[in-house]
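K.L.:
Structure of the sequence below:
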Amino acid sequence: MAGPLQGRASGASLGDSATQGDRCADAVGTGCLVAEDPLSRARVVEEPQRRGFTYGTLPGHPEAGEEGFLLEHLNDGRILFTITAFSRPASTLAKLGGPVTRATQTFMTQRYLRALDRLQETSGTAAVR
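P.N.:
Take a look at the predicted model:
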């Protein structure tokens with residue numbers, strides 16, 4: 001896979017220097033209603049055909065869990081993008097949020113997939129969902 005895997009979380013670029021244990025914050029919201037939720041990079045995958053990372057939540061995040069992203073360059077030239085996520089409410093607000101919390105998680109997953117679609121369109125690479 002050519003080039004580093006790039007990602008953004010509160011302005012932090014995740015490239016070749018990404019290491020396990022790096023800390024950042026995921027900014028969620030809009031306008032004056034933005035919350036920065038603390039995260040730690042739990043794992044980094046840097047193999048010839050696979051690149052990715054997993055974030056784990058830290059105290060102060062409304063959820064307790066992990067979210068992982070993995071790009072794999074398949075032998076037939078296609079790219080496989082895998083998102084793995086699990087969480088449980090860690091704050092009273094998240095516990096009370098129930099369906100809103102789940103809708104937010106679905107929204108974020110759809111956002112990741114749209115970004116992959118845009119990448120595929122600009123690179124001309126076939127992607128598998």
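K.L.:
can you pull out the helices in the protein?
P.N.:
92-123 (DSSP state H).
K.L.:
which regions of it lie under the pLDDT threshold?
P.N.:
Along the chain, the model assigns pLDDT under 70 to residues 1-18, 28, 124-129.
K.L.:
So for residue 109, what's the nearest residue that isn't a sequence neighbour?
P.N.:
If the residues on either side of it in the chain are set aside, residue 109 comes closest to residue 83, at 6.2 Å by C-beta to C-beta, 6 or more residues apart in numbering. Bear in mind the C-beta positions are built from the backbone N, C-alpha and C, glycine included.
K.L.:
biggest strand in the chain, by residue count?
P.N.:
Determined from DSSP state E, the single longest strand within the chain is strand 33-46.
K.L.:
and that strand with helix 92-123, angle?
P.N.:
Relative orientation of strand 33-46 and helix 92-123, computed by axes from the mean of the first three to the mean of the last three C-alpha atoms, to 10 degrees: 60 degrees.
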